[in-house]
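Visitor: compute the structure for the input listed below.
(one chain, ligands or ions: 1)
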Amino acid sequence: MNNYLEFREKIREELKKIKDEEMENLIKRLQKDAYYMEKNLNKYLEYKRIMGSIKISEVIKDVNTHRDKQFYSESKMTDTSKGELMLVNKYYYLLDSYKPDLVLMTDTYAKSVNKYLEKNTYRWFQKMVEDAKKENIILYSVSGFRSYEYQKELYDNYVLKDGIKVADTYSARAGHSEHQTGYALDINTSSSLDYFEDTKEFLWLSRNAHKYGFILRYPKDKENITGFKFEPWHYRYVGIEVATYIKKHNLTFEEYYAYFVENR
Ligand SMILES: [Zn+2]
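Guide: A predicted model of the protein is given here:
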């Protein structure tokens, strides 16, 4: 009997050792990722346990950007003191009263509606438009700043037309729209039917927007992180340095924000 108990204890110890080693290896692999964040370690481990054979880099990316939780499930107010680096998405929102320092764009730079833009963003947008013009590329805004109320009306109408599930893939709920920051604008179109991605204007923007501090905010194949379908027309001002980094490393703004902005 004693022998049996001893034997069982030994097996238990062995198993625990194997488990500990596995865990240690997993932690080591996580720590090697460029965007590993110590504060998220428990969440990485829990997410990996639930998701099974998911890649380590995916675990890091998803947890850092809150994708271990449902969109809109645990929203919090964004930190507006981050200025042009504030994050507004399906996890971070702006109060209905939030309004940036706006200026009215002239007709050369803006057509259609919503002709206001955050001051500094407008300055850089003008520069970009003028430089593009020299290469026979005509750019203009079709939608800049949108107020909370305006976004609410827009979204509510989309929901009536397409239902919540579909509307959520292409339109932000009020308070969650980047257009309310004043740092975002739609260039030349805001319709997927126009296939803006096939134009020389889009090609020019792909090559040059970062030089003026703009990023393509909802890239192709990043829907899982950004929560939005590819929007070749939607650009966000973040400043030249950040825009260049994001482009070079093929990141979403969500990933950049988690690692470099939020707790710094
Ligand atoms: Zn937009």
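Visitor: going forward, measure contacts between C-alpha atoms and count neighbours the same way
Guide: Noted.
Visitor: can you map out the strands along the stretch 51-200 of the chain?
Guide: Ranges of strands in the stretch 51-200 of the chain, per DSSP state E, counting those that start in this stretch, are 76-77, 92-93, 102-104, 116-118, 141-143, 184-187.
Visitor: name the helices or strands packed onto the fifth one?
Guide: Helices and strands touching strand 141-143, by 3 or more CA pairs under 8 Å, 6 or more residues apart in numbering; DSSP states H and E, are strand 184-187.
Visitor: in what helix or strand does Arg207 lie?
Guide: helix 200-208 (DSSP states H and E).
Visitor: before we move on, the earlier item: now the strands of the stretch 51-200 of the chain in JSON lines, with distance to Arg207 and mean pLDDT?
Guide: Converted to JSON lines, these look like this (distance: least, CA to CA, whole Å; pLDDT from 0 to 100):
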{"stretch": "strand 76-77", "distance to Arg207": "33", "mean pLDDT": "96"}
{"stretch": "strand 92-93", "distance to Arg207": "29", "mean pLDDT": "98"}
{"stretch": "strand 102-104", "distance to Arg207": "27", "mean pLDDT": "98"}
{"stretch": "strand 116-118", "distance to Arg207": "23", "mean pLDDT": "98"}
{"stretch": "strand 141-143", "distance to Arg207": "18", "mean pLDDT": "97"}
{"stretch": "strand 184-187", "distance to Arg207": "15", "mean pLDDT": "98"}
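Visitor: mind naming the longest helix for this protein?
Guide: In terms of residue count, the longest helix belonging to the chain (DSSP state H) is helix 2-32.
Visitor: what parts of this structure come near the ion?
Guide: Within the chain, the positions near the ion by CA under 5 Å from the ion are Asp186, His234.
Visitor: so where's the chain shaky on pLDDT?
Guide: Scanning the chain for pLDDT under 70 picks out 1.
Visitor: domain assignment for it?
Guide: Using automatic domain parsing, the domain parsing of the chain gives 2-64, 76-261.
Visitor: mean neighbour count added to those domains, as CSV?
Guide: Shown next, in CSV, are the domains of the chain (neighbours: other CA atoms under 10 Å):
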stretch, mean neighbour count
domain 2-64, 14
domain 76-261, 18
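Visitor: for those domains, which one sits closest to Gln70?
Guide: With CA to CA as the criterion, Gln70 lies closest to domain 76-261 of the domains of the chain, at 9.0 Å.
Visitor: please state the offset of the closest one from the chain centre?
Guide: Put simply, domain 76-261 sits 11 Å off its chain's centre (CA atoms, centre = their mean, to the nearest Å).
Visitor: and that domain, end to end?
Guide: The first and last residues of domain 76-261 sit 16 Å apart, counting by CA to CA, to the nearest Å.
Visitor: before we move on, what SS does Ile215 have?
Guide: Using DSSP: H, G, I helix; E, B strand; the rest coil, the structure places Ile215 in strand.
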